[in-house]
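>>> from the sequence below, what's the structure:
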Amino acid sequence: TPTSLDQVLLDGLGDRVGRLVFPGRIGVELAALIAGLGASRSLMLTFLADPAFSSVAFEAARLADGSVPARHRAVRVNRRIANGTVGMPTPTPGPLKILVTVGTPDEGQTPSVALDREAEIGAILDAVGATAGSGRAEVQVLEVANAETIARALSDALARGGFHVLHLSGHGSSTSIELETEDGAAVPTSATDLVAAIQASGAQVPLVFLSACHGVSADRGLAADLVRAGVPR
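Model prediction:
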């Protein structure tokens, strides 16, 4: 069946990646460490990769016994693009403040299929609903999403400590994300454009969350470009 074939292909990929990142004794010791975690302990597994390897499916990596660390209940996985020149900005006080931008150009003004703006925003609000309800998070949604409105919103928030997260949602290519003008026209926005907007605002944004296709593609992609241009995470 297609499902079983997919699993065979995924297992094969996991074995190849596993041999790359968990060779020999490393895999043996990692398996023993995971086995001994118990109910009250957890493990953070971070893959730090050169941009040339940023599209490798590290999360699929399997150990020699066939287990996938990323699927273990007590293992948390993240990945970072190697960039020794960028440090994290000084943390600012809570609550967690998130600036949400959703690129939704008008139909007829973009070659892309129109995004469901309400669904995109609803998914974000659902994800942070309980935290926001307790006063530990705040979400601001831009009515019009482009580099200029992002810079303005970041600047306006400086008096309140600034934003911790800039969430970018929209159609993506290997070099840009599709945002919009006041008139609803599509605006391909590159990493250079976005970093220039952040710098112009005078703000420090610890995390840019990118929800777009083709964010990473081989040694390029908007996510990698953002990190190389100076975005900390």
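>>> where does pLDDT dip in the chain?
Along the chain, segments meeting pLDDT under 70 span 1-3, 83-88, 217-219.
>>> which parts of it are helices?
2-21, 24-35, 117-133, 147-156, 191-201, 222-229 (DSSP state H).
>>> mind listing what's buried along stretch 133-145?
Judged by neighbour count using 16 or more other C-beta atoms under 10 Å, the buried positions of stretch 133-145 are Ala137, Glu138, Val139, Val141, Leu142, Val144, Ala145. (Glycine included, C-beta is placed from N, CA and C.)
>>> between those, which is closest to Leu9?
Set against Leu9, the nearest of those by C-beta to C-beta is Ala145 (36.9 Å).
>>> mind listing what that closest one touches?
Going by C-beta atoms under 8 Å, 6 or more residues apart in numbering, Ala145 touches Thr101, Val102, Gly103, Thr104, Gly170, Leu179, Glu180.
>>> what is the nearest of those to Gly162?
Of these, the one sitting nearest to Gly162 (C-beta to C-beta) turns out to be Thr101, at 15.6 Å.
>>> quickly list what the closest one is bridged to.
Note on Thr101: beta-bridge partners by DSSP bridges are Leu168.
>>> thought it was touching Val165?
No. The criterion here is C-beta atoms under 8 Å, and Thr101 misses it with Val165 at 11.2 Å.
>>> more neighbours: the two, which one.
Thr101 (26 against 18; other C-beta atoms under 10 Å).
>>> distance of that one relative to Arg19?
Relative to Arg19, Thr101 is positioned 40 Å away (C-beta to C-beta, to the nearest Å).
>>> what's the answer for Ala52, then?
Note on Ala52: its distance to Arg19, by C-beta to C-beta, is 18 Å.
>>> what's the answer for Pro93, then?
45 Å.
>>> so between those two, which is more surrounded?
Neighbours of Pro93 and Arg19, each counted by other C-beta under 10 Å, are more numerous for Arg19; the result is 14 against 8.
>>> what residues are up against Glu120?
Val102, Thr104, Ser169, Ser211.
>>> if we use 7 Å, what do you get?
By C-beta atoms under 7 Å, 6 or more residues apart in numbering, Glu120 lies in contact with Val102, Ser169.
>>> how about Phe163?
Lys97, Ile98, Leu99, Leu154, Ala157, Val205.
>>> which of those residues sit farthest apart?
Ile98 and Leu154, at 12.1 Å, using C-beta to C-beta across the contacts of Phe163.
>>> give the contact list for the spatially closest residue to Gly14 that is not a sequence neighbour.
If the residues on either side of it in the chain are set aside, Gly14 comes closest to Arg62, at 3.7 Å by C-beta to C-beta, 6 or more residues apart in numbering. The contact partners of Arg62, by C-beta under 7 Å, 6+ apart, come to Asp11, Gly14, Asp15, Gly18, Val68.
>>> my guess is the last one contacts Leu13. True?
No. Between Val68 and Leu13 no contact is recorded; they are 10.8 Å apart, counting by C-beta atoms under 7 Å.
>>> which residues do those two both contact?
Contacts common to Val68 and Leu13, judged by C-beta under 7 Å, 6+ apart, are Ala60.
>>> neighbour count winner among the two?
For Val68 and Leu13, the more surrounded residue by other C-beta under 10 Å is Val68, and the numbers stand at 18 against 15.
>>> give me the distance between the closest residue to that one other than its chain neighbours and Val75.
Leaving aside its chain neighbours, Val68 sits nearest to Arg62 (5.3 Å; criterion: C-beta to C-beta, 6+ apart). Here Arg62 is placed at a distance of 13 Å from Val75 (C-beta to C-beta).
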